[in-house]
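Participant: Give me a 3D structure for the following:
(chains A, B and C)
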Amino acid sequence: MTASAAIIVCLLAPLAAALASLAAGPRRRVAAALTTGAAALSTLAALVLVAASHRGLIPVVHLGGWPAPHGIALAADGLSALMLAVANLVTLAVVVYSWRGLSGFYHRRRFYPLLGTLLLGVNGAFLTTDLFNLYVWFEVLLLSSFVLMSSNPSGEARAGAWRYVLLNLLSSLFFLCAAGLLYGKTGTLNLAHLAALFRQSGDSFLLLSSSALLFAAFAIKAALVPFAFWLPASYPHAPIPVAALFAGLLTKVGVYAFFRCFGLVFAEPAGFAHREVLLPLALATMTIGVLGAVAQSDMRRILSFHIISQVGYMLLALALFTPLAVAAGIFYIVHHIIVKTNLFLVAGLVERHQGSSDLARARGLLRSFPAAAALFAVAALSLAGIPPLSGFWAKFSLLKASLDAGAYLSATVILGVGLLTLFSMLKIWTHVFWRSPSDSPAASRPVSLLAPCAALAALTIALGLGAAPLFQLAQNASRSLLDPRAYIESVLSSAPPAPGQTLTLQP
Amino acid sequence: MAPLFHLLLPALLALAAVSSRRGWRWSPSAASGVIAALAAAAAGAALWSSAQGASVVFSHPWVAPLGVDFALRLDPFRSLFLGLVWGTTVPVILYSGLAFRDDPRLAGLLATLLLFAACMIGLILADDLVLFFLFWEGTSVLSFLLIGWNHAGAEARRKASQALLVTGLGGLALLAGLVLLRFATGAGSLGAAFGTDLSAHPLSTAIIVLIAAGAFAKSAQVPFHFWLPNAMAGPTPVSAFLHSATMVKAGVFLLALAAPALGAHPLWTPLLVTCGMLTVAAAVRRAWNETDLKAVLAATTLAALGHLTILAGIGTPAALKAFVVFLLAHALYKAPMFLSSGALEKAYGSRDLRRLRGAVFCLPIVGTAMVVSMASLLGLFPLPGFVGKEYFLKAAWAQSPALAIAAALSLAAVIALALRGLAPLLARGDLNLPAKSPGTALQLLPWISAAAALALTASFPWLSQSVLTPAAAAVGGTTGASVELWPGWGPSLVLSLAALLIGGVVAFHAARPAARPPASVGDTTYQTLLDALGRGSRQLASALQDRPLATHLGLVLGAAGLLIAPPLLAGPLPLPDLRVDAADTVPAVLALLTALSAAGAATARSRVALLVSLGLTGLLIALLYAYFSAPDLALTQLLTETILLVLMVAVLRWLPKPHGTPRRGSPLAAAGALSAGAVVTMLVIKAKALEFTPPVSQFFAERSLPDAHGANIVNVILVDFRALDTFGEITVLAVAAIGAAALLRKRRRPAVFDPTRSTLLSTALRLLLPPLFLFAAFLLLRGHNHPGGGFIAALVAATAAAFIHLSGRPAPSSRLDSALLVTGLSLAALSGLFAVAAGRPFLTGLWIKPDLPGDGPPLHLGTPLLFDLGVFLTVLGFALAFLRRLLPTTPSPVPSWN
Amino acid sequence: MELIIAIAIGALTAAGIYRLLAGSRLDLLAGILLLSQAANLIVFASGGLLHGAAPLLHDATGPLADPLPQALVLTAIVIGFGILAFLLILLQRDSDNRP
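Facilitator: Numbers count the residues shown, from 1 in each chain, chains lettered A, B, ... in the order given. Coordinates of the predicted model:
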């Protein structure tokens, strides 16, 4: 598979899966097989792109044959390739999990087609180099996730879903306004073109209101405090595979947008003031998120609040804006997607076993379900930043970056929040896995439920023990953001052949 | 290679333990024997390598981008520690194998203990700062699991969590300190980092505080001392192994390593000495009235750690020499004491000292070990404890006589505690025979370990020359003199005897009230903090979370406003063009009307009013679009508004009326809304003021006709230049339709009227339909060159479909909708794939120009037209799905579709 | 002229937000609808407001209106349409399920 083909596969495979599952109708196994195959294919394609970026290439496809910035181009630089790889991988894990892990009720609510469109939106968002196109993929993502979320008919779930959609619609509106204003001022929508323009001129005034709008839009998407409170209202009510996917992907697309726009386009000093605004917000997000988690007494709610807290870490990395910090942030994103998805899937295992993920009701799983205990331990320790797991390297590099940069408050918050994260994970462990087990009838433990969790846990361990390769990839990605000349050149080059050629028909 | 061997061996042994099963030949008990033997051999190897005196380093790059190596170092000091760890492993494993012979979890316990040993050994051997931290945290986590081994009890869980959190907090401080240390020295290895004198560095205060915090947490020094007595909740082998011999020593180990580099800093000695003293005082105070044997032993361990901290605090080479001796002495007498207490507990079924009166005489084997170890603890010549105390006092005296006196008093306190606490064991009186014999092996274990200690003492010259002196030299630098059993007459001997005297007197004359041990200040503070955290976090979470939707919306809007408004208000506001030409009347009127109808929509009370104003607003905006040269846009706006309104009417007709009167908007909301409106107005005005570069759309005007064969540039943008946007857009529509199918499975609503009863309506509908469909097709085909296109055509066709629906004909099955969606999207994707087959990028237009007879304009047929067809089909499928589900249906049977 | 349009956009925004904060499901829908109209107008206005210069190439005399914002707004309108239609489905389902 060539890199350009891989880019197209990343878009078309999920689409094909969605359409085929839709056509398959109620035939669940067919839909499951097709979706799994498509997810595997797009994961493979993403890995091809990662390999290409590792060799220093930036594969670009100029759609329609039109040169960027006039047409839309899809590019897979280091950051995009990494995001694609990890996103498609966890989607594959979730799809395998949902063979047996999702009730028929949700399958009849068109789970597989919606998952296909969700993945399409995610892949499109990671690949596109056009601001408005990013908006369109965000909408695909938003509506797919919204429909998935709305399939739970309970009252709380419905209220949560409305809150989710309304706040995210506000985000879309901000985004749309920003894109329009930006076009009006600069005459272009292409991210590489914008990056080139802003690096030439330094007139910051132009950008402040549009970038502020974009900031607000992405802040809602990424769940930055004070825009974040749609998340705890909605995530706990979605079925487990859906929640796992959301936890892993949705907010990270927002974080990616932050990195792409505020790392590439609106980089200091020509743009929006990162440190002054993003830094305190990120610190507040980390703290409030973890305090919210500490307050909860249900496993899913704890994990949902943790998402908010961890997003704070990633955006703190962006706010610090040194090469090491940005690399640490990218590493953190990859690590977090894997660990968070895994945690939700394990929470699903607990729920299946005990009927509930409430801390008071689930108990003693260390004795009655040791596999789940081991999987949880790996993921939880990684989240809390205990070496030698991937989370440690993420936190360590971020700590190092902040101490090197003299940001002592940030370093303190990183450590303090890490301790509180450990505390809330401890709470889950002592309630759910320790204590003597209750006598509940043993639920079945099909391999298709355990295998994805085990694979993700193994990945966490592997990334912990062998952090060097991923960190190098993260550093490449960071470099391509902070010094985007190669990116700009690749995207804006008019290499494609002349479009729209007329072929004459043989009579 | 040697360090690596010592690191891997316990891991392998853990695997061996885990593979054992009860009832097999390779039972856990048998495994424990084998493991203990191997551990003993490893201990010997460690001491032997210490005797070699050399320093071995093993290094391999690990995470190169972060500068972290997998580096291990083995020098005589570390060999001593290594020997201690292995040496403690032997009796602990044997004890576990014996005492827990029938416990089903024995294999797991052995494996966990061995994994812990691996972490501890890794900590000792690690030379890279990050690797050191890795093993440090590993010991904390494993300690947590081991303390909570009997996790059915809530207290055990609480104490285990406490230990993890306190050591975890210390660990985080340590991490910060290590990172700063690396930053300050530029070195990644412990050896290099602590090899330089850092006391003058600006960051040294922070480094000291942080590293000390970590070490204090691990070694249970004030103010982090309160977790250690609680950690005794774990099983006896755990307490013996982790919390007296190995893990707790990790902190003082680090302090001893750091002393040469940081010792000259003015903060170092006062901090460590003070905390060490306070720890001794706290330990003695806490355990003064204790009746639990294990608790008394824990207190003496804590006090010993305090003494070691003081020695590290003094930091001179003499002090570090004393450190080494004291360390070894403590290990030699503590292990037998713990093992004896374990045996006594097995025998008597209790650890309460009141029940254990005279146990030394009733179980003489165990008793001997206990007595010998106690003698060493009290510091009686010629036992190792004596030597340790002598060197301790010597080093303190060399620093300052006052310190030495304080040290002697602290020793006296510990002696008093030990005598007072353990006296019942030695009480003569009625014979207090145990309920059951604990078994010969279990009794022999402490005896053997005491004997081993005595043997080492007997060979003290060898021990001193081969182990102690090189170790002292490795950590503190050489002082010349080697360690002697008899350090000679001097102030230290005087103080030592004085301490013994004072301690004895206090012990025997102190009153014995039946008071309960005082509550630990640290523990209470910890619990209070935890409770406050819980309460505070719950309040915070509920304050932020349980709010009505409007609050969250307001919060988001307000925060966004705070981001957007300041830069807007900062710069100069360009004066808008206030001239109104005659040519501007129409748009001005339209805009004004739009604003008015928006205001109407905002304040509408009834649903009808709301819908009317919404419809009016949409219409006016469509007219604005039409005026400002956007025909396609105006048509789309008009059609979508219409269909949306129709759907809204259909839904709202049957929506139950809200209870009570409609809520009046709050003034706050009004104020917020108006200010937001003002901000947006300013935003738009200011945005118009600047133009950067020629917009990219000039390209479109130039190339649309020649290359894309379309005169309607907007349509060409949608299906050719920026086809991916449209692709995403129809995906959104498809998702919406899928959602409709997923959520509204069946729907029956009675129609308002039965249209089949009205032949006029049926006839009219039947007549209108073909023209409407034809019109839709016409719009589709002409879209590329004139206003029209896929959307508009599809919406017109959808309107026709709505008419069919309303006319009462039963709609075709819902499979048509999904068929249309699938076909449409597939067609759109396929249209782009033709290009790929021809070697072009995806979605490139491929055209054919069939030769037409006659002289008309050239006809171009291409893949973008297929794309537009795909759009058409998708939008149609979407519209049908919604119309079917939201529009009312008739219940009565009607003729079929055709 | 731009001022009047800007005022209209501001009015739409204010109306939309006011409606949004009013609370009932229908209000939310109305608010979103109004706000999306406002956003669409903002994007449209960024291309300049020309009269009688429709971007159709065969009648072209003089400068044409910028077609790109028009295409963008078209896309945004249709996306908004899809989302709002789905919100109506939700409204319908919730009223069906209400006891």
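
Participant: Below-threshold pLDDT in the chain: ranges please.
Facilitator: Defaulting to chain A. A:201-207, A:268-275, A:441-442, A:494-507 (pLDDT under 70).

Participant: try again with chain C
Facilitator: Counting by pLDDT under 70, chain C shows low-confidence ranges at C:1, C:59-61, C:97-99.

Participant: what about 50?
Facilitator: Scanning chain C with the threshold set as pLDDT under 50 gives C:99.

Participant: same for the helix ranked longest in it, what does it pack against?
Facilitator: Ranked by residue count under DSSP state H, the longest helix found in chain C is helix C:67-97. The helices and strands touching helix C:67-97, judged by 3 or more CB pairs under 8 Å, 6 or more residues apart in numbering or on different chains; DSSP states H and E, are helix A:131-150, helix A:155-186, helix B:631-654, helix B:697-708, helix B:713-716, helix B:723-743, helix B:863-886, helix C:25-45. Every C-beta, even on glycine, is put in place using the N, C-alpha and C of the backbone.

Participant: residues making contact with the following helix or strand past the third one?
Facilitator: On the C-terminal side of helix B:631-654, the closest following helix or strand by DSSP states H and E is helix B:667-687. Counting contacts by CB atoms under 8 Å, 6 or more residues apart in numbering or on different chains, the residues outside helix B:667-687 that touch it are A:177, A:181, A:184-185, A:209, B:550, B:554, B:557-558, B:561, B:564-565, B:568-569, B:571, B:573-574, B:576, B:602, C:2-3, C:5-7, C:9-18, C:21-22, C:38, C:42, C:45-46.

Participant: Only the buried subset of those, as a PyMOL command please.
Facilitator: The following PyMOL selection, which keeps only the buried ones among those, applies the criterion 16 or more other CB atoms under 10 Å in any protein chain shown:
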select buried, (chain A and resi 177+181+184+185+209) or (chain B and resi 550+554+557+561+564+565+568+576+602) or (chain C and resi 2+3+5+6+7+9+10+11+12+13+14+15+16+17+18+21+22+38+42+45+46)
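
Participant: does the residue nearest to residue B:312 when sequence neighbours are not counted count as helix, strand or coil?
Facilitator: If the residues on either side of it in the chain are set aside, residue B:312 comes closest to residue B:255, at 3.8 Å by CB to CB, 6 or more residues apart in numbering or on different chains. With DSSP: H, G, I helix; E, B strand; the rest coil as the basis, the three-state label of residue B:255 is helix.

Participant: My guess is residue B:255 contacts residue B:305. True?
Facilitator: No. When contacts are counted by CB atoms under 8 Å, residue B:255 is not listed as touching residue B:305 (10.4 Å).

Participant: Find the residues that touch each one of those two.
Facilitator: residue B:219.

Participant: Might you report the residue contacts of residue 9?
Facilitator: Defaulting to chain A. Residue A:9 makes contacts with A:1, A:41, A:42, A:45, as judged by CB under 8 Å, 6+ apart.

Participant: please go with chain C instead
Facilitator: Taking CB under 8 Å, 6+ apart as the contact definition, residue C:9 lies against B:680, B:681, B:684, C:38, C:41, C:42, C:45.

Participant: list the buried ones in the longest helix of chain C?
Facilitator: Using 16+ other CB under 10 Å as the burial criterion, the residues of helix C:67-97 that qualify are C:67-94.

Participant: In the stretch 301-450 of chain B, which residue sits closest to chain A?
Facilitator: Per CB to the nearest CB, the residue of the stretch 301-450 of chain B with the smallest distance to chain A is residue B:349, at 22.6 Å.

Participant: Now for that residue, how many residues are close by?
Facilitator: Other residues lying near residue B:349 total 12 when counted by other CB atoms under 10 Å in any protein chain shown.

Participant: Next one: it from chain C, what distance?
Facilitator: 62 Å (CB to the nearest CB, to the nearest Å).

Participant: what's the pLDDT at that residue?
Facilitator: pLDDT, residue B:349: 79.

Participant: Residue B:303 against residue B:280, yeah?
Facilitator: Yes. The criterion here is CB under 8 Å, and residue B:303 meets it with residue B:280 at 4.6 Å.

Participant: so what sits against both of these two?
Facilitator: B:410, B:413, B:414.

Participant: Neighbours of the last one, how many?
Facilitator: The number of residues packed near residue B:414 is 25, by other CB under 10 Å.
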